[in-house]
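A.B. asks: Coordinates for the following, if possible.
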Amino acid sequence: MESDSQIPGEKLDFKRVLPIFVIVLVGLLGLTIIIPLLPLYATSFGANAFVIGLLGATYPLMQFIGAPILGRLSDRYGRKPVLLISQLGTLAGFILLGLANALPLLFLSRIIDGISGANISTAQAAISDVTTEKNRTQGLGLIGAAFGLGFIIGPIIAFVSLALSGNDYRVPAFVAAGFSLVSILLTAFWFEETLPAARRGANNTSRAAISLGSMAEALRHPSVGLLLFLIFAQQLAFGGFEQLLSIFTLNRLGLNASGNAVIFVFVGVVLVGVQGGLVGRWSRAYGDRRLIFAGLALLAVGLTLLAFTPRQPPPWYSQAELEAELSSPTTGLDGEEPTTDTAVELPDDTDNGWLGLLWILAAMIPVGIGGGVLQPTINSLITKRVTPLEIGGMLGISAAFLSAANALAPVLGGAIFEAIGPTALFLIWGGLMALLLLIATRRLTPGQEETVAPGLARGGH
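C.D. replies: This is a model prediction of the structure:
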């Protein structure tokens, strides 16, 4: 019997994909170094959950503005120059983050980084340039795997830099800037342009692609409109989960920056396992639609489990020590007395144990698998349902919907966190995933690509 991997056109060309993967990984190391720390960094300036949500929304809001424009520019002028522009913005943002001595500078650093943040969508377009319909899900899954590896390596780097600096939250920002510089050098000297000059500028719909009106029009697209809605709606929950996980664990378990690094490393391991190989195999065996259904179901289960995490901090937790860390002069204003009152309520240390930590790690498994499956699978299905000339622009629009969701999710989530509490927040997100699953199973019909898909999509049961 001939295996799927031996069928011409189905085997991924790792020689062409490897530079993209490495560049994305190195660039994402900078991002994943600061993701677990940024909410706690803001907390050290006295920010509450809503303000932390606003800070989390700043980057994706700016990315929402910039990503469709840069996505179309990559169709017109090539992937390489757009990658370089976006990486320079990321470098500037990290440097400012490390120099910040007040909360407004944290916001400004995320604005600068976000407005130029087309790294992922442009890399996705480059992956699409060098893959076929049969292996595109696997190729796009490698972008997610790079993110997963970043979640493993980045928090470890953050942990080491915090340990060496005495919990100075500014040091990881400068380390992130260093990785951003390496990413720029790799793009400049290793990455080879994937979009031939003959294919650039062939699609003349760039003005429509960068307007809100055309994004609304894309939602009405008969082949991909529902997919764009799904990628936006699922990211409302998964993006909010990513942005607010650190303050959830701070509030529920009393985990500091180092403790959150462990959680993010665990999620990264799950993401790498799923997106580094399993998602491609599952896509060939079951088809992208079934993977989307499974991803939504797993997210619904995982987020609901997360909501009921017991409020029991781990055995080593000390409320007094955590309060001292969050009010340390190295994490507050230079030359001024830092706040001694954290706006996020911390658990007391009268009933320490293992249940809370074990519970949240168990909940991370379905959340990580579901989140790891959805984004590459939805984007892969989008690229299979548009013409080749539309791929870069449509992935830019998809990235814009992701950014819009990422901008809205932490603001709504932070407000709910403050007004009702974290339990209600994660229950709402879990319920949203269940509703999306119901919509998808009824409305996401098979497309032409499934008539040639192997495995179950060809009629096997």
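A.B. asks: so what's Met433 up against?
C.D. replies: Met433 makes contact with 234, 237, 296-297, 299-300, 303, 370, according to C-beta atoms under 8 Å, 6 or more residues apart in numbering. To be clear about C-beta, it is placed using only N, CA and C from the backbone, and glycine gets the same treatment.
A.B. asks: For the helix or strand it falls within, give the mean pLDDT please.
C.D. replies: Using DSSP states H and E, Met433 maps to helix 422-443. Averaging pLDDT along helix 422-443 gives 92.
A.B. asks: Can you point out the buried residues in that helix?
C.D. replies: 422-423, 425-430, 432-433, 436-437, 440 (16 or more other C-beta atoms under 10 Å).
A.B. asks: Pull the distance from that helix to the chain's centre.
C.D. replies: 19 Å (C-alpha atoms, centre = their mean, to the nearest Å).
A.B. asks: burial of Phe189, as a residue count?
C.D. replies: As a burial measure, Phe189 scores 7 neighbours (other C-beta atoms under 10 Å).
A.B. asks: next one: Pro313
C.D. replies: By other C-beta under 10 Å, neighbour count at Pro313 equals 26.
A.B. asks: May I have the helix holding Met433 exported as CSV, CA atoms only?
C.D. replies: Provided in CSV are the C-alpha atoms of helix 422-443 (Å, rounded to 0.1, in the frame of the first residue of the first chain):
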residue,chain,number,x,y,z
PRO,A,422,-12.4,34.9,36.6
THR,A,423,-14.7,31.9,37.1
ALA,A,424,-17.5,33.6,35.1
LEU,A,425,-15.0,34.7,32.5
PHE,A,426,-13.7,31.3,31.6
LEU,A,427,-17.3,29.8,31.7
ILE,A,428,-18.3,32.4,29.2
TRP,A,429,-15.4,31.6,26.9
GLY,A,430,-16.1,27.8,27.2
GLY,A,431,-19.8,28.4,26.4
LEU,A,432,-18.7,30.5,23.3
MET,A,433,-16.7,27.6,22.0
ALA,A,434,-19.6,25.2,22.4
LEU,A,435,-21.8,27.6,20.5
LEU,A,436,-19.2,27.9,17.7
LEU,A,437,-19.1,24.1,17.5
LEU,A,438,-22.8,24.0,17.0
ILE,A,439,-22.7,26.7,14.3
ALA,A,440,-19.7,25.0,12.5
THR,A,441,-21.3,21.5,12.4
ARG,A,442,-24.4,23.0,10.8
ARG,A,443,-22.9,25.6,8.5
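A.B. asks: contacting residues for Ile65?
C.D. replies: Per C-beta under 8 Å, 6+ apart, neighbours of Ile65: Ile115.
A.B. asks: Spell out which helix or strand contains it, please.
C.D. replies: helix 49-77.
A.B. asks: State the next helix or strand along the chain beyond that helix.
C.D. replies: helix 79-99.
A.B. asks: and that next one, average pLDDT?
C.D. replies: On average, helix 79-99 scores 87.
A.B. asks: What residues of it count as buried?
C.D. replies: By 16+ other C-beta under 10 Å, the buried positions in helix 79-99 come out as 79-80, 82-83, 85-87, 89-98.
A.B. asks: next one: stretch 98-107
C.D. replies: Buried residues in stretch 98-107, counted by 16+ other C-beta under 10 Å: 98, 100, 103, 106-107.
A.B. asks: Outside of it itself, list whatever touches it.
C.D. replies: Residues from elsewhere that reach stretch 98-107 (C-beta under 8 Å, 6+ apart): 38, 41-42, 45-47, 51, 54-55, 58, 96-97, 109, 170-171, 173-174, 177, 333-334.
A.B. asks: re earlier: of the contacts of Met433, which is the nearest to Lys11?
C.D. replies: For the contacts of Met433, the closest approach to Lys11 (C-beta to C-beta) belongs to Gly370, at 27.6 Å.
A.B. asks: Report the inter-axis angle for the helix or strand harbouring that closest one versus helix 422-443.
C.D. replies: Secondary-structure assignment from DSSP H and E places Gly370 in helix 355-384. Angle of helix 355-384 versus helix 422-443, following axes from the mean of the first three to the mean of the last three C-alpha atoms, to 10 degrees, is 30 degrees.
A.B. asks: Please name every helix or strand in contact with the helix or strand just after helix 355-384.
C.D. replies: On the C-terminal side of helix 355-384, the closest following helix or strand by DSSP H and E is helix 391-419. Here helix 391-419 touches helix 49-77, helix 119-129, helix 206-209, helix 212-219, helix 225-252, helix 355-384, helix 422-443, going by 3 or more C-beta pairs under 8 Å, 6 or more residues apart in numbering; DSSP states H and E.
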